[in-house]
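Trainee: Please work out how this folds:
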Amino acid sequence: DESPAIRYPDDSLDRLWVTDTTEPIIQTSLPVDVDRMNDSPPVSVLQTSFVASTNAGFYYNLTRNLAGTSYQYYVAFYFAELDSRVNASRLRVFNISINGNSYYSDIDVYDEVGLYRAFEIYSSTPQGPYADYVLIEVTSTSSSVYPPFMAAAEILQLFDNPMVPPTSSVDSKLYSVFIN
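Mentor: Numbering: from 1, shown residues only. Predicted coordinates:
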């Protein structure tokens with residue numbers, strides 16, 4: 001049974017957040033602090049996270065509505081440490097790769113912001129080009145005690161627009177999912 005999508009008024013930017021009901025998950029009804037976020041998703045998205053069942057990690061293949069040819073993307077990943085057993089730095093540390101290429105290493109959400117606070121990782125330059133899929137791999141470091149997790153991901157797909165000015169020569173399409 002799929003949860004309903006989240007959007008405005010819960011998301012002031014009117015992004016459409018679609019759940020992926022993959023188990024296992026961790027949830028909280030406690031508030032998650034989003035004050036330090038540049039582009040925060042709704043709190044309800046950050047109150048639930050997908051947690052890998054082992055330290056080996058997980059893959060997430062984002063193929064929903066991608067264009068089918070090579071495009072560049074901006075990517076953003078959202079996290080909030082919800083497990084009170086993770087009460088010190090270096091207990092949950094992981095890496096993210098996109099389509100086999102290292103994207104971000106040694107992510108320690110607790111060390112960055114503590115418990116119940118949102119943390120984001122995003123690209124400031126376009127990634128890719130990628131073909132008709134974006135394969136996200138999240139793996140624990142060898143010293144991590146707890147497996148990796150993720151609350152949500154956004155993919156902003158860029159594509160050439162043959163329209164004439166004043167329309168931008170590059171348009172985009174945004175895909176927001178919360179991975180839980």
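
Trainee: What are the boundaries of the helices in the protein?
Mentor: 43-46, 109-113 (DSSP state H).

Trainee: buried residues in the first one?
Mentor: Right, the one you point to is helix 43-46. 45-46 (16 or more other Cβ atoms under 10 Å). For every residue, glycine as well, the C-beta is placed using N, CA and C.

Trainee: how about the helices of the chain, which one is nearest P147?
Mentor: helix 109-113 (12.9 Å; Cβ to Cβ).

Trainee: now what about the closest one, what contacts it?
Mentor: Identification of contacts with helix 109-113 by Cβ atoms under 8 Å, 6 or more residues apart in numbering yields 33, 36, 79-81, 86-92, 119.

Trainee: Please list only the buried members of those residues.
Mentor: For the contacts of helix 109-113, buried by 16+ other Cβ under 10 Å: 33, 79-81, 86, 91-92, 119.

Trainee: that older thread, can you add distance to D108 and pLDDT and give the contacts of helix 109-113 back as CSV?
Mentor: Listed next are the contacts of helix 109-113 as CSV, based on distance: Cβ to Cβ, whole Å; pLDDT from 0 to 100:
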residue, distance to D108, pLDDT
D33, 17, 95
R36, 15, 82
F79, 10, 96
A80, 13, 96
E81, 9, 97
V86, 9, 98
N87, 13, 97
A88, 10, 98
S89, 6, 98
R90, 6, 98
L91, 8, 98
R92, 7, 98
F119, 10, 96
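
Trainee: re earlier: in CSV, list the helices of the chain along with distance to I96 and mean pLDDT.
Mentor: Output for those, formatted as CSV (distance: least, Cβ to Cβ, whole Å; pLDDT from 0 to 100):
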stretch, distance to I96, mean pLDDT
helix 43-46, 17, 92
helix 109-113, 12, 98
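
Trainee: about what we covered before: which of the contacts of helix 109-113 sits closest to T48?
Mentor: Nearest member of those to T48, counting by Cβ to Cβ, is A80, at 9.2 Å.

Trainee: Quick check: bridge partners of that closest one?
Mentor: On the basis of DSSP bridges, A80 is bridged to A118.

Trainee: Could you check how far it is from F119?
Mentor: Distance, A80 to F119, using Cβ to Cβ, to the nearest Å: 7 Å.
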